[in-house]
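> 3D, please:
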Amino acid sequence: MKKPVVLATFCLAWCLFFPVEPVVAEGTKSLTPFARARLEPESKVTVGQPISVIVEVLVPSWFTGAPVFPDLDIPDSITIFSERGSNFTERIDGQTWAGQSRHYTVYAQRSGSFSIPSIPIAVKYYGEGVGAGATATVSPQPLTFTTQVPVQAQGLDYFIATTQLTLTQEFDRTPHMLKIGEAFTRVLTVTIHDALSMVIPSLPSSSMDGISVYPEPPTVSDTSGERGSAIVGTRKVTTTYVAEQEGDYQLPAIEIHWWDIGAKQLRSATLPPVEFHVNPEVAFDSAFSLPQELVTEETTPTQAQSRVSLVDLLKRWGIPLGVLLLVLIVIAKLARRYGPPILNHLAQRRTRQANSEASWFRQFRHAARSGDPRAALRHLMFWLDRIHDKPGAATLHSFSQEAVDPSLTQELEKLEDVLFGSTTTPDQAKTWSWRPLLRQVSRARARHFSFSERSAAKDAFGSLNPGVEKI
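Below you'll find the model as predicted:
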């Protein structure tokens with residue numbers, strides 16, 4: 001009796017300390033999408049420094065539509081949403097999740113603490129028992145960050161935090177020696193990287209006695225490069241200076257202080273003063289000739305010889321000008337009579353060339369060589385539609401079947417897999433090779449599409465079958 005009791009006690013202790021997990025059939029667990037967010041950088045940042053709010057949405061299967069990200073409204077800040085994103089996969093507790101990532105860029109306009117609320121994101125995905133129509137609304141956790149103004153910059157009237165600032169000036173002419181009435185234009189340009197143009201202060205346009213100053217409204221712009229490159233803010237001020245009195249003048253030096261985010265120190269960009277002199281001569285008096293009735297005996301011989309009478313001009317240039325006028329009249333009459341038919345013929349010819357099969361194939365070849373698989377597919381379908389002479393009539397499947405070319409079929413399948421495959425990543429799409437596809441399509445065209453435009457409109461794929469001869 002002691003042995004069964006000992007055995008039972010051992011089994012009871014084993015179950016208490018090592019419980020057996022229940023066996024769950026595959027597919028019965030309910031997995032729902034979720035979202036998460038993080039900040040880059042995560043530490044305390046400087047006022048005006050861009051902060052990336054990276055939001056990731058994950059589903060247990062695959063997406064059937066792009067997630068809908070709402071606007072992010074944070075008081076005392078400027079938020080820019082980036083349409084560019086990335087796709088990824090991740091293993092969580094033995095389950096493969098598909099994810100999409102987007103990011104917001106936040107520019108805080110004051111020092112202190114900021115709160116990023118939990119935003120609702122609409123998701124479409126493939127769900128078990130529901131299929132492609134599964135939907136959900138997910139929200140990442142709220143976040144907070146803090147901004148500050150460095151001690152070195154706290155006494156400034158303005159604050160610019162950027163990775164690079166350039167200050168330049170350009171003149172339409174050298175302003176060092178001027179005459180009364182002459183003018184010059186100066187263009188001041190401030191460019192900052194990873195910052196918005198609104199933080200650039202107003203640039204001076206100095207007023208001076210004896211010089212008229214005409215400033216134009218400043219031009220501000222914010223641009224962003226390709227593939228999510230940094231925002232570049234620009235402020236440009238154009239000012240025209242007109243000399244009105246003789247004397248020596250100076251445009252004062254310009255200095256702009258800015259905080260270097262990378263080096264974490266205060267820097268300054270400066271332009272030296274510009275000195276110039278205005279001579280007493282009037283710049284525009286020589287532009288006006290003296291009327292004939294005011295010419296007096298004091299006129300010098302050189303001035304008298306420089307005046308040529310109208311009769312002398314007619315004697316010298318009358319015949320050439322008459323011949324030129326006659327030629328222009330003849331050309332005008334010929335253009336009026338024959339111009340419209342010629343222009344109409346040229347327009348029809350350009351239209352025929354633009355709509356020809358060769359033109360559409362050149363567009364496909366150019367799109368394929370760009371390395372963009374979406375552009376290559378789009379222009380390939382345009383070319384096939386032109387062959388059919390009926391939009392939407394051709395498909396890649398029909399093209400592959402009638403061409404009877406295994407190599408062409410393989411390249412078409414690769415193109416579809418790159419664009420529509422569920423496991424294709426953006427890096428794989430970037431490394432897609434366009435050369436084999438263009439080579440195989442060109443071979444099919446050279447082998448089966450050597451026909452005139454008239455036959456192309458009637459029978460696009462009649463010669464694709466090698467066993468059938470064209471009549």
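> ranges for the strands of the stretch 151-300 of the chain?
161-162, 164-171, 177-180, 183-193, 211-215, 219-224, 231-243, 247-251, 254-260, 265-271, 274-282 (DSSP state E, counting those that start in this stretch).
> and the angle from the second one to strand 231-243?
Same thing as strand 164-171. Interaxial angle, strand 164-171 versus strand 231-243 (axes from the mean of the first three to the mean of the last three CA atoms, to 10 degrees): 30 degrees.
> same check, this time on the last one
Between the axis of strand 274-282 and that of strand 231-243 there is an angle of 30 degrees, by the same axes, to 10 degrees.
> tell me which strands and helices strand 274-282 is in contact with?
strand 177-180, strand 247-251 (3 or more CB pairs under 8 Å, 6 or more residues apart in numbering; DSSP states H and E). Where you see a C-beta, it was placed from the backbone N, CA and C, and this is true even at glycine.
> Show me where this protein has its helices.
Under the criterion DSSP state H, helices of the chain are mapped to 2-17, 301-306, 310-354, 357-369, 373-388, 396-403, 406-420, 426-430, 435-448, 453-458.
> closest one to Ala136 among these?
Closest to Ala136 of those is helix 406-420 (CB to CB; 22.9 Å).
> returning to that earlier point: Val274: which of the helices of the chain is closest?
Within those, the stretch nearest Val274 is helix 301-306; the backing value is 38.4 Å (CB to CB).
> what's the span of stretch 212-220 from first residue to last?
25 Å (CA to CA, to the nearest Å).
> Give me the residues contacting that stretch.
Contact with stretch 212-220 is made by 197-198, 200, 202-203, 205-207, 233-242, 244, as judged by CB atoms under 8 Å, 6 or more residues apart in numbering.
> Could you give the average pLDDT over it?
Stretch 212-220 shows a mean pLDDT of 92.
> buried residues in that stretch?
Pro215, Pro218 (16 or more other CB atoms under 10 Å).
> can you check stretch 65-82 too?
Here stretch 65-82 shows Pro67, Phe69, Leu72, Ile74, Ser77, Ile78, Thr79 as buried, counting by 16+ other CB under 10 Å.
> Of the residues you listed, which is the nearest to Leu325?
Of these, the one sitting nearest to Leu325 (CB to CB) turns out to be Ile78, at 64.2 Å.
> I'd say that closest one and Val106 touch.
Yes: Ile78 is within contact range of Val106, at 7.4 Å (criterion: CB atoms under 8 Å).
> Include distance to Gly85 when you put the helices and strands packed on strand 274-282 into JSON lines, please.
JSON lines is the format used below for the helices and strands packed on strand 274-282 (distance: least, CB to CB, whole Å):
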{"stretch": "strand 177-180", "distance to Gly85": "56"}
{"stretch": "strand 247-251", "distance to Gly85": "48"}
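> who's in contact with the nearest residue to Arg110 once chain neighbours are set aside?
Counting by CB to CB, 6 or more residues apart in numbering, Arg110 lies nearest to Asp76, which is 4.9 Å off, once chain neighbours are set aside. By CB under 8 Å, 6+ apart, the contact set of Asp76 is Ala108, Gln109, Arg110, Phe114.
> Just the pLDDT for the closest residue to the second one other than its chain neighbours.
Think Gln109. Spatially, and ignoring its direct neighbours in sequence, Gln109 is nearest to Asp76 (5.2 Å; CB to CB, 6+ apart). On the pLDDT scale, Asp76 is placed at 88.
> repeat for the one 10 residues further on
pLDDT, Ser86: 89.
> Assess the claim that Thr240 and Glu182 are in contact.
No: under the criterion of CB under 8 Å, Thr240 makes no contact with Glu182, lying 11.2 Å away.
> quick one, which of these two is more surrounded?
Higher neighbour count among Thr240 and Glu182: Glu182, with 18 against 15, using other CB atoms under 10 Å.
> Pretty sure the more buried one sits against Ala243.
Yes: counting by CB under 8 Å, Glu182 touches Ala243, with 5.5 Å between them.
> thinking again about what came up before, in strands, which of the contacts of Asp76 fall?
Counted as lying in strands by DSSP state E, out of these, are Ala108, Phe114.
> For the contacts of Asp76, work out which two are farthest apart.
Gln109 and Phe114 (10.1 Å).
> Spell out which residues are contacts of both of those two.
Counting by CB under 8 Å, 6+ apart, the shared contacts of Gln109 and Phe114 are Asp76, Ser77.
> For Val57, see how far away Ser101 is.
8 Å (CB to CB, to the nearest Å).
> more neighbours, these two?
Val57 (26 against 14).
> And the pLDDT at that one?
Looking at Val57, its pLDDT reads 96.
> between the helices and strands packed on strand 274-282, which one is nearest to Ala161?
Nearest to Ala161 among those is strand 247-251; the distance by CB to CB comes to 28.4 Å.
> Name the residues that touch that closest one?
Arg186, Ser206, Met208, Gly210, Ile211, Tyr241, Pro273, Val274, Glu275, Phe276, His277, Val278.
> For the third one, give the beta-bridge partners.
Right, Met208. Ile211 (DSSP bridges).
> Equivalent analysis for the last one, please.
According to DSSP bridges, the residues that bridge with Val278 are Leu178, Gly247.
> One more: the first one?
The residues paired with Arg186 through beta bridges, assigned by DSSP bridges, are Phe171, Thr239.
> got a list of what it touches?
Gln169, Glu170, Phe171, Pro175, Thr238, Thr239, Tyr241, Leu251, Val274 are the contacts of Arg186 under CB under 8 Å, 6+ apart.
> And the closest residue to the second one other than its chain neighbours, how close does it get to Gln49?
Among residues not flanking Glu170 along the chain, Val187 sits closest, at 4.6 Å (CB to CB, 6+ apart). Plainly put, Val187 is 29 Å away from Gln49 if you go by CB to CB.
> Tell me which of the two has more neighbours.
Applying other CB under 10 Å to Val187 and Gln49 shows that Gln49 carries more neighbours, namely 19 against 15.
> For that one, list the residues it contacts.
Tyr107, Ala108, Thr147, Ala161, Asp194, Ile261.
> which one of those sits closest to Ile342?
Nearest to Ile342 among those, counting by CB to CB, is Asp194 at 56.3 Å.
> tell me the pLDDT at the closest one?
Looking at Asp194, its pLDDT is 88.
> What separation do you get for it and Ile80?
Asp194 is 12 Å from Ile80, by CB to CB.
> What of Val323?
From Val323 to Ile80 the distance is 66 Å (CB to CB).
> And Lys124, by the same measure?
Distance, Lys124 to Ile80, by CB to CB: 25 Å.
> In JSON lines, list the contacts of Gln49 along with distance to Ser400.
Output for the contacts of Gln49, formatted as JSON lines (distance: CB to CB, whole Å):
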{"residue": "Tyr107", "distance to Ser400": "51"}
{"residue": "Ala108", "distance to Ser400": "55"}
{"residue": "Thr147", "distance to Ser400": "58"}
{"residue": "Ala161", "distance to Ser400": "56"}
{"residue": "Asp194", "distance to Ser400": "48"}
{"residue": "Ile261", "distance to Ser400": "54"}
